[in-house]
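Attaching a predicted model along with its sequence, questions to come.
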Amino acid sequence: MKGKSLISINDYTKEEQLRILEIAKDFESNPSQNLLNNKVVATLFFEPSTRTRLSFESAVCRLGGKVIGFSDSSSTSVKKGESLKDTIITVSNYSDLIVMRNPVEGSARFASEVSKVPVINAGDGANQHPTQTLLDLYTILQTQHTLDDLHVAFVGDLKYGRTVHSLVIALCNFNCTFHLVSPTELKLPSAVKIHIKEKKLAYYQYTDLNDVLPLVDILYMTRIQRERFSDPLEYERVKNLYNLNKSMLEHTKENMKVLHPMPRVNEIDIDVDDSPKAHYFQQALNGVYVRQALITSILGLK
Ligand code: CP
């Protein structure tokens, strides 16, 4: 993986993804290691973020490296009209690795083509979020002790949810059965479903969350993403359709875990948080270990 950008989850083979999870397990046991001495990681966030940016930065800090970058491009020369190409070429002269989130689909691939250093896609519009997928796989493995033959439900905004797109594609390597719960207008796009069909795996589509609760090992809740809707009325119509509360967990399997890439709005009640089935805060913590594994692998240090 040395020198290899990560833009789409399929840029890394199944074996490479599993290797990252293995290395992440080591970092979970020992997160503070001085491996990034003299290394500079740039975090360029053209869209808001809490977990992704700060867990990347925490990962670098715990490894003894330095972080440069921005969390708001309006404070940079982008505001004066500088192109993405010029920004990336410039920052790649200042750093050993670039982590970028950008609202434009395909922008991360473009950045990797003009950058002198590897680029990690931290989310490009509604397209992909491959590092979230690696931490989701890590979390699924942590809770189920396998990635194979699981029943996984995805709930909410399956059309615009980039974390869903990347994770569905990754889970196609593990013989999963997919339970897709969304309003009709927010169904999983055909471009993602084609990966399920190619592997001849089963998927079922629902509009009612209650239908899948007794069936699944992983319940992957997602936010309806207001910022992706061009029609505010359409958002208003679907924004409150799914709400998981503690009593609904009574109808779930013993091993079932609730995951959410976060942030949540109202799709998981706070009374779920103290259930042993709630695993979304641990999931966000796992992001540090998985990103430590990814950074050190790309920089050829692991
Ligand atoms: N999961 C995720 O991408 O969260 P942030 O938007 O807070 O980075």
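In hand now; what should we look at?

As CSV, could you dump the C-alpha coordinates of stretch 135-151?
Taking C-alpha atoms only, stretch 135-151 is exported to CSV below (Å, rounded to 0.1, in the frame of the first residue of the first chain):
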residue,chain,number,x,y,z
LEU,A,135,-13.5,1.7,10.3
ASP,A,136,-16.9,0.3,9.8
LEU,A,137,-15.4,-3.1,8.7
TYR,A,138,-13.2,-2.9,11.8
THR,A,139,-16.2,-2.3,14.0
ILE,A,140,-18.3,-5.0,12.5
LEU,A,141,-15.4,-7.5,12.9
GLN,A,142,-14.9,-6.3,16.5
THR,A,143,-18.6,-6.9,17.4
GLN,A,144,-19.4,-10.0,15.3
HIS,A,145,-15.9,-11.7,15.2
THR,A,146,-16.4,-12.3,11.5
LEU,A,147,-17.2,-10.3,8.4
ASP,A,148,-18.6,-13.3,6.5
ASP,A,149,-22.3,-14.3,6.0
LEU,A,150,-23.8,-11.4,8.0
HIS,A,151,-27.2,-9.8,7.6
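
Show me the contact partners of it.
Outside stretch 135-151, the residues that touch it by Cβ atoms under 8 Å, 6 or more residues apart in numbering are 17, 21, 24, 152, 163, 167, 170-171, 174-177, 179, 215-218, 220, 255, 257, 259, 261, 279, 282-283, 286-287, 289-291. Using the backbone N, CA and C atoms, a C-beta is placed for each residue, glycine as well.

tell me, which of those make contact with the ligand?
residue 261 (Cβ under 6 Å from any ligand atom).

Would you mind checking the contacts of stretch 135-151 for buried ones?
Neighbour counting by 16 or more other Cβ atoms under 10 Å classes 17, 21, 24, 152, 163, 167, 170-171, 174, 176-177, 179, 215-218, 220, 257, 259, 261, 279, 283, 286-287, 289-291 among the contacts of stretch 135-151 as buried.

Report how many residues lie close to residue 37.
When neighbours are defined as other Cβ atoms under 10 Å, residue 37 has 10 of them.

tell me which parts of the stretch 51-200 of the chain are close to the ligand?
Near the ligand, when you scan the stretch 51-200 of the chain using Cβ under 6 Å from any ligand atom, you find 51, 52, 123, 132.

Strands - which of those residues land there?
residue 123 (DSSP state E).

Between which two of the residues of the stretch 51-200 of the chain next to the ligand is the distance greatest?
Taking Cβ to Cβ, the two most distant members of these are 51 and 123; they sit 10.7 Å apart.

In terms of neighbours, single out the busier of those two.
residue 123 (25 against 17).

how much space between residue 173 and residue 148?
Separation of residue 173 from residue 148 (Cβ to Cβ, to the nearest Å) stands at 9 Å.

More neighbours: which of the two?
The neighbour comparison of residue 173 against residue 148 (other Cβ under 10 Å) goes to residue 173, with 19 against 10.

Look at residue 60 and give its secondary structure.
Taken by DSSP: H, G, I helix; E, B strand; the rest coil, the conformation at residue 60 corresponds to helix.

Can you get me a residue count around whichever residue of the stretch 51-200 of the chain sits closest to the ligand?
Proximity to the ligand, evaluated over the stretch 51-200 of the chain using Cβ to the nearest ligand atom, is greatest for residue 52 at 3.2 Å. A total of 26 residues lie near residue 52 under the criterion other Cβ under 10 Å.

can you give me the strands for the protein?
Going by DSSP E, the chain shows strands at 40-45, 66-70, 97-102, 119-124, 151-155, 177-181, 203-206, 218-221, 257-259.

Distance to residue 237 and mean pLDDT for those - can I get that in TSV?
Below are those laid out as TSV (distance: least, Cβ to Cβ, whole Å; pLDDT from 0 to 100):
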stretch	distance to residue 237	mean pLDDT
strand 40-45	30	98
strand 66-70	35	98
strand 97-102	28	98
strand 119-124	25	97
strand 151-155	17	98
strand 177-181	17	98
strand 203-206	18	98
strand 218-221	19	98
strand 257-259	25	98
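
Nearest to residue 265, out of those?
Of the strands of the chain, nearest to residue 265 by Cβ to Cβ is strand 218-221, at 10.6 Å.

Which strands border the closest one, and is each parallel or antiparallel?
strand 151-155 (parallel), strand 257-259 (parallel) (DSSP bridges).

neighbouring contacts of the last one?
Going back to what we said before, that points to strand 257-259. With Cβ under 8 Å, 6+ apart as the criterion, strand 257-259 contacts 136, 139-140, 143-144, 217-221, 244, 249, 268, 272, 275, 277-280, 283.

try it again with 10 Å
For strand 257-259, contacts defined as Cβ atoms under 10 Å, 6 or more residues apart in numbering pick out 135-136, 139-140, 142-144, 152-155, 163, 167, 216-222, 244, 248-249, 252, 268, 272-273, 275-280, 282-284.
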